[in-house]
Structures are given as structure tokens and as C-alpha cells.
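**Student:** Sequence plus predicted model, see below.
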Amino acid sequence: MTKRVAILISGGGSNMVALAQSMTGDHPARPVLVLSNDPAAGGLAKASGMGIPVQAIDHKTFGKDRAAFEAVLHDALAAVQPDIICLAGFMRILGADFIGPWEGRILNIHPSLLPKYRGLHTHARALEAGDSHHGCTVHQVTAALDDGPVLGQARMPVLQGDTPDTLAQRLLPLEHALYPAVLRRFAAADLRPVMLDG
């Protein structure tokens, strides 16, 4: 049975495009919705152009009431009955009350080799620490920030003269390779981690 995938974005959606483009042929999943917390997110037009239904729920209209935003988000997702939710550059922290009903079905990609550098500014933090390698991680989402079981990692060397911007640029193709590989495996109920080197 084909798995239904909802993808959550906040910006240009490059990881969303990589995921959606991978879900063809014998892939065990298909995209059923791309949803953003920002109506101006560039990824919405990209998804629409690919024939994927889109929806925007502007978090700003809820002020500081995260629970109200998450309740509307939950209802929008429940309406399309996804088997898997992929966070792809979704820049809102989701609370335990939202995650609970979906736990075990939410994936996220994070630009560090977790458990290193949870949260923001991962590229700068890797450089400040003098790390020899940097990378990205796809993990299952739990109520703890950037903490769930690791499903895949892509590693690359840190080069002399690297800046946060150059690290981010070099990491993006690895993200676009890793996330679809993990999704294909996860949709087939295979939880063995995917490991890539760049």
C-alpha cells in the first residue's frame, strides 16, 4: 500500500522538491500535501507546479498562541491522512501536544551530525569547534528538540577557509541525496540508518 506523505516547509523548499521528485515509479510513497506556515514561502509555488496540493497556515495570525496554531495545523494534516510527515525546512518548533498523535511518523532533516549542535547556527558552531567533519542528519521527531532516533547521516570534510555560507552550500546537495534515501527506506518500514559520505 502506497504511503501518503505530507511535507512541511517555511521557505524555498529545496528539500521538499528533492523529496517530491524522488516519489515516482516504484517508490513506496507519494506526496499528498505541501503545507507552509508562511503564505509567501517560495516552495508553495514549486509544489503547485509539480501538481501537489498546497496549503498555507500563517503562524503570525496566531500571535504567541502556539497551541492554537498547532491545532489548526493538526486538523489540516488530519484532513489528508498522511502516513508520514516530513519537516523540510519547517522553521517552527512543534510542541509535545502536536507531536503526540503523530509520533513515530514525523521525520526531520537537521544540518549537523546529531547529537552535535541541536538548534540553530549549526555551521558556525561546527567551525568554532574546529570540527574536521560536518554534515546533516535525518531523524524521527520527538518532543525533545532535534533528538529523535537517527535514520541517516551524510558527512563531509570541513575545508580550510570554509565559512558558514560555504558549508551550507556544500551540504545542500548531500541533504538532497540523504532525505529521499531515508524516506524511501522509512516508507518501506526499514529503519536501518542510511549513511552517505560527501
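**Tutor:** Looks like it arrived, so ask away. Residues are numbered from 1 along each chain as shown.
**Student:** Tell me how many other residues crowd residue 1.
**Tutor:** Using other Cβ atoms under 10 Å, residue 1 has 5 neighbouring residues. Quick note: C-beta positions are derived from backbone N, CA and C, even for glycine.
**Student:** Return, as residue ranges, the portions of the protein with sub-threshold pLDDT.
**Tutor:** The model of the chain has no residue with pLDDT under 70.
**Student:** Break it into its domains for me.
**Tutor:** 1-102, 109-198 (automatic domain parsing).
**Student:** Tell me where the protein has helices.
**Tutor:** 14-22, 42-49, 66-80, 96-102, 122-128, 164-187 (DSSP state H).
**Student:** Of those helices, flag the one that's most buried.
**Tutor:** helix 14-22 (a mean of 21; mean count of other Cβ atoms under 10 Å).
**Student:** what separates that one from the chain centre, distance-wise?
**Tutor:** 10 Å (Cα atoms, centre = their mean, to the nearest Å).
**Student:** Residue 7: neighbouring residues, count only.
**Tutor:** 31.
**Student:** go on, residue 39?
**Tutor:** 12.
**Student:** same check, this time on residue 129
**Tutor:** 12.
**Student:** From residue 123, how far off is it?
**Tutor:** Relative to residue 123, residue 129 is positioned 11 Å away (Cβ to Cβ, to the nearest Å).
**Student:** give the contact list for the nearest residue to residue 13 once chain neighbours are set aside.
**Tutor:** Sequence neighbours aside, residue 43 is the residue nearest to residue 13 in space, at 2.0 Å (criterion: Cβ to Cβ, 6 or more residues apart in numbering). Shown in contact with residue 43 (Cβ atoms under 8 Å, 6 or more residues apart in numbering): 9, 11-14, 16-17, 34, 36, 89.
**Student:** about what we covered before: can I get the helices of the chain in a markdown table with distance to residue 141?
**Tutor:** Below are those laid out as a markdown table (distance: least, Cβ to Cβ, whole Å):
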| stretch | distance to residue 141 |
| --- | --- |
| helix 14-22 | 15 |
| helix 42-49 | 19 |
| helix 66-80 | 13 |
| helix 96-102 | 6 |
| helix 122-128 | 17 |
| helix 164-187 | 12 |
